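[1] Need coordinates for the below:
(chains A and B)
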Amino acid sequence: MIRHVEGTGILHRIHPLTAFGLAVSISTSVFVAPPPLGPVAVLAGTVILAVVSRLPSALGRTVVVSVPFWGFLLLIHGLLRHDPGRAVVIGSRVSTVILVFAAVVTAVQPARLVDALAALRAPFSVGYVFSATLLVVPRLRDRARAISEAQQCRGLRVAGSPLGRIRAVVPLTVPLVLSALSEVDERAVALATRGVGGRAVRTVLHPPNAGGLDVAMGILGVGILVGSFFWRVG
Amino acid sequence: MTAIEVAGLGYTHPGSDQPALADLDVSIPAGRVTLVTGRLGAGCSTLLEILAGVAPRLTGGTLTGTVRVLGVDPSTREGGRTLVGRVVMLLPTPSSQLSGMTSTVRDEVAFGPANLGWDRQRIARVVDGELDRLGIAGLADRDPATLSGGELQRVILAGCLAMEPEVLLLDEPAAELDPPMAERLYALLPELTATTVVLATTDVDRASPHVQEVVVLDGGGVVAAGSPSEALGQEAVVGLDAGSTVARIVYEAGGRGRLPIDVAGVREWIAS
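    The predicted structure is shown next:
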């Protein structure tokens, strides 16, 4: 599961919006760059960026998600259609997008992102939607674990035969979905009781600064995109 | 001077046929600590949600009668906006009141003041003050997600106090605290002289020595109101199981009329 991890790598240090801009640039470039070499090169560059930024968890998660996907692609395009190059292109594109966003989500603290958006005078709701999106997966995972433990205390068996496991899905899923829906109401009440919704403009507690590293990353992002474009048309 | 005026208030939760509050009349004086108590389901929490503008605006339901908090109707959108920051409510489950956007206790406490647009210096000053006052300065750099329920309850209370509200609504503020900490929290309330505090709890024995006014609810209406000894010493209240333990013991021992609610009261009651 992807969640923010404290660190001191490049992506941790740059402005949150620079990091997201870089992610958008790389994700676009991997589709613009000419196949078959272009997407593979962009993927390789993204892996290097993740390694340099010391984000092993993002790399690990990307591998876990990508391996079965690559397996299916190689099976379909390699064995059935005799076009393994196509599998590599599609796989590289998908893995790049997963990796770059996993890296950004791992590196960017949600609170910093909210502050960055607030510093741009974006409405609180915009920052909160971004932040809540980044936090929803860990929150749901914690809730799912609590529901699973509660149901097991009440006699639900989640191990055993495949049929038994399938039967256990309903008593676990229904409370999870319902509690996720009630979470929306809880959040609304919690925010309303803590000063959200007033007329004041929210104070940015830690204004994120953009420095030389941001300029370098900005140039890198634009360079990758422009380079991919000219590589394709050239 | 009255901070809260409620007249003929009725409220029914969404999906329910039974009103949670019915024809309720309550007047809460400004700058004092008022205990709202009663049996579970008496309507105490519902009343606080209405005063905070949460019900029915966010929760749904049907409201009748009039509510005025600091002269403003909190049930309207405009009234709710006017009261943001002036009326603050502490929910009984602190984990559900976390902002979910901060990675340190200090920032969590600063969340409310930041929403009010205060400058960073003022925010830092009030946050430090409240962290000290609630004895959680040592937790300032911890991730709120790693705290125990009791620690979290103090963090959220610090966040509420840091907003320097004119009206502070506390719904079971000691639900996750150990007895000494609960005692300490209640003892803190009379110090908030610039704030009207409305405390809803069934923890009457611990809370009542620290409040100046009491409103006892049952079945969605007021059963008794007045000073702690006036309201909690009434036979009707003791009969509801909503009074103090001392009053209940005296009642079960055959005492009738105005019953004492604490040990000092028992001494006077015996002497008289």
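[2] Distance of the residue of chain A positioned farthest from its centre relative to A:Pro171?
    Computed with Cα atoms, centre = their mean, the maximum C-alpha offset from the centroid of chain A is found at A:Gly155, amounting to 35.8 Å. Taking Cβ to Cβ, to the nearest Å as the measure, A:Gly155 falls 10 Å from A:Pro171. Placement of C-beta: from N, CA and C, glycine included.
[3] one step back: which helix or strand contains the residue farthest from the centre of chain A?
    Using DSSP states H and E, A:Gly155 sits within no helix or strand.
[4] Model confidence for it, exactly?
    As predicted, A:Gly155 sits at a pLDDT of 83.
[5] now B:Ala200, nearest residue through space, not along the chain?
    B:Cys44 (4.0 Å; Cβ to Cβ, 6 or more residues apart in numbering or on different chains).
[6] what do you get for B:Thr2?
    B:Ser27 (5.4 Å).
[7] how near is the one you found to B:Ala3?
    B:Ser27 is 9 Å from B:Ala3, by Cβ to Cβ.
[8] which stretches of chain A form helices?
    Counting by DSSP state H, chain A has these helices, from start to end: A:10-13, A:16-32, A:37-52, A:56-73, A:84-107, A:110-119, A:124-153, A:162-192, A:212-233.
[9] Tabulate those helices (a markdown table), appending mean neighbour count and distance to chain B.
    As requested, these are exported to a markdown table (neighbours: other Cβ atoms under 10 Å in any protein chain shown; distance: least, Cβ to the nearest Cβ, whole Å):
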| stretch | mean neighbour count | distance to chain B |
| --- | --- | --- |
| helix A:10-13 | 20 | 13 |
| helix A:16-32 | 21 | 13 |
| helix A:37-52 | 18 | 22 |
| helix A:56-73 | 16 | 17 |
| helix A:84-107 | 22 | 13 |
| helix A:110-119 | 23 | 5 |
| helix A:124-153 | 15 | 5 |
| helix A:162-192 | 14 | 5 |
| helix A:212-233 | 15 | 21 |
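[10] How is the chain partitioned into domains?
    Chain wasn't specified; assuming chain A. Here the domain assignment for chain A is A:10-113+A:208-233, A:122-192, based on automatic domain parsing.
[11] I was after chain B.
    According to automatic domain parsing, the ranges for chain B are B:2-86+B:166-220, B:94-164.
[12] Any chance of those in a markdown table with mean pLDDT, mean neighbour count and distance to A:Gly127 as columns?
    Formatted as a markdown table, the domains of chain B follow (pLDDT from 0 to 100; neighbours: other Cβ atoms under 10 Å in any protein chain shown; distance: least, Cβ to Cβ, whole Å):
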| stretch | mean pLDDT | mean neighbour count | distance to A:Gly127 |
| --- | --- | --- | --- |
| domain B:2-86+B:166-220 | 94 | 19 | 17 |
| domain B:94-164 | 93 | 21 | 8 |
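[13] closest one to A:Glu6 among those?
    Distance to A:Glu6, taken as Cβ to Cβ, is lowest for domain B:94-164 among the domains of chain B, at 8.3 Å.
[14] got the residues of chain B near chain A?
    Selection of chain B residues close to chain A by Cβ under 8 Å from any Cβ of the partner chain yields B:52-54, B:58-59, B:80-81, B:84-85, B:88-91, B:96-103, B:107, B:110-120, B:123, B:159-160, B:163.
[15] Quick one: classify B:Glu5 as helix, strand or coil.
    strand (DSSP: H, G, I helix; E, B strand; the rest coil).
[16] isn't it right up against B:Arg68?
    Yes: between B:Glu5 and B:Arg68 there is a contact under Cβ atoms under 8 Å: 4.5 Å.
[17] how about the strands in chain B?
    Applying DSSP state E to chain B gives strands spanning B:2-12, B:21-29, B:33-38, B:62-69, B:87-90, B:167-171, B:196-200, B:213-218, B:221-226.
[18] which parts of stretch B:229-246 are buried?
    Of all the residues in stretch B:229-246, those buried under the rule 16 or more other Cβ atoms under 10 Å in any protein chain shown are B:229, B:231-235, B:237-238, B:240, B:242-244, B:246.
[19] residues contacting B:Gly31?
    Listed by Cβ atoms under 8 Å, 6 or more residues apart in numbering or on different chains, the contact set of B:Gly31 reads B:Met1, B:Ala3, B:Thr193, B:Ala194, B:Thr195, B:Thr196.
[20] give me phi/psi at it?
    Dihedral angles of B:Gly31 (phi, psi; degrees, to the nearest 10) stand at phi 70, psi 10.
[21] measure it to B:Glu130 for me?
    As judged by Cβ to Cβ, B:Gly31 and B:Glu130 stand 20 Å apart.
[22] Equivalent analysis for B:Glu166, please.
    Separation of B:Glu166 from B:Glu130 (Cβ to Cβ) stands at 16 Å.
[23] so A:Ala168 sits right up against A:Arg157, yeah?
    Yes: look at A:Ala168 against A:Arg157 with Cβ under 8 Å: they come within range, at 6.6 Å.
[24] Quick check: neighbours shared by those two?
    Counting by Cβ under 8 Å, 6+ apart, A:Ala168 and A:Arg157 have no shared contacts at all.
[25] re earlier: from B:Asp128, how far out is the residue farthest from the centre of chain A?
    Counting by Cβ to Cβ - A:Gly155 and B:Asp128 are separated by 50 Å.
[26] what does stretch B:233-246 contact?
    Stretch B:233-246 is touched from outside by B:37-39, B:42, B:202, B:204-205, B:208, B:216, B:218, B:223-224, B:231-232, B:247-248, B:251, B:256-263, B:265-266, with contacts defined as Cβ under 8 Å, 6+ apart.
[27] Report the contact partners of the residue nearest to B:Ala200.
    Contact analysis of B:Cys44 by Cβ under 8 Å, 6+ apart lists B:Val36, B:Thr37, B:Gly38, B:Asp171, B:Ala200, B:Thr201, B:Leu217.
[28] Same question for A:Leu191.
    Residues in contact with A:Leu191 (Cβ under 8 Å, 6+ apart) are A:Tyr128, A:Gly197, B:Ser99.
[29] any chance of the residues you listed in a markdown table, plus distance to A:Ala190?
    Formatted as a markdown table, the contacts of A:Leu191 follow (distance: Cβ to Cβ, whole Å):
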| residue | distance to A:Ala190 |
| --- | --- |
| A:Tyr128 | 11 |
| A:Gly197 | 12 |
| B:Ser99 | 7 |
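[30] quick one on the thing from earlier: any chance of the domains of chain B in a markdown table, plus distance to A:Ala118?
    Formatted as a markdown table, these follow (distance: least, Cβ to Cβ, whole Å):
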| stretch | distance to A:Ala118 |
| --- | --- |
| domain B:2-86+B:166-220 | 17 |
| domain B:94-164 | 9 |
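[31] Out of those domains, flag the one nearest A:Phe101.
    So among these, domain B:94-164 is nearest, using Cβ to Cβ, at 19.8 Å.
[32] what's the least confident stretch among the domains of chain A?
    Per-segment mean pLDDT for the domains of chain A reaches its minimum on domain A:122-192, at a mean of 81.
[33] And that domain, end to end?
    19 Å (Cα to Cα, to the nearest Å).
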